[in-house]
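Asker: Curious how this folds, go ahead:
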Amino acid sequence: MTRIVTTHPDLPARIGPVEFEQFGAKWVAVRCPSEFDGLMRLKGGLREAGSRRWLIERRRVGRLVRELQRATDPLFRQAGIDLDEDG
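Answerer: Below you'll find the predicted structure:
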């Protein structure tokens, strides 16, 4: 039986300028500005040439999400943008 993989329920679609998308069963594709390249490498990310995105193992995404929330929330709040706001 073939199992169709969809976006994991606890995977956010976006944190600040960073976008997440499920990529197969074990990977998550992450699009982000180049300022976050060091963090992506630190979390074991593989740069996908030509597509301007990183592939991160699913098991490492939780830590990455927490790091991104810590890194981006203060910057957006300083600019007056509340990331917790709905709509």
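Asker: what residues does the helix ranked longest in the chain touch?
Answerer: What stands out as the longest helix in the chain, according to DSSP state H, is helix 61-78. Residues outside helix 61-78 that contact it (C-beta atoms under 8 Å, 6 or more residues apart in numbering): 10-12, 15-18, 20, 28, 30, 36, 39-40, 43, 56, 82-83. C-betas here are computed from N, CA, C, even on glycine.
Asker: What are the boundaries of the strands in this structure?
Answerer: 14-15, 18-23, 27-31, 46-48, 53-57 (DSSP state E).
Asker: which stretch in the ones you listed is the model least sure about?
Answerer: When the strands of the chain are compared on mean pLDDT, strand 14-15 scores lowest, with a mean of 88.
Asker: Buried ones from the contacts of helix 61-78, can you make that a PyMOL selection?
Answerer: The buried residues among these can be selected in PyMOL (16 or more other C-beta atoms under 10 Å) with this line:
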select buried, resi 15+16+18+20+28+30+36+39+40+43+56
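Asker: about what we covered before: what's the angle between the longest helix of the chain and strand 53-57?
Answerer: Helix 61-78 runs at 130 degrees relative to strand 53-57, counting by axes from the mean of the first three to the mean of the last three C-alpha atoms, to 10 degrees.
Asker: quick one: low-confidence parts of the chain?
Answerer: 1-9, 75-77, 80-87 (pLDDT under 70).
Asker: buried ones in the longest helix of the chain?
Answerer: Using 16+ other C-beta under 10 Å as the test for burial, helix 61-78 gives Val61, Leu64, Val65, Leu68, Thr72, Asp73.
Asker: Likewise for stretch 21-30?
Answerer: Within stretch 21-30, the residues scored as buried using 16+ other C-beta under 10 Å are Gln22, Phe23, Trp27, Val28, Ala29, Val30.
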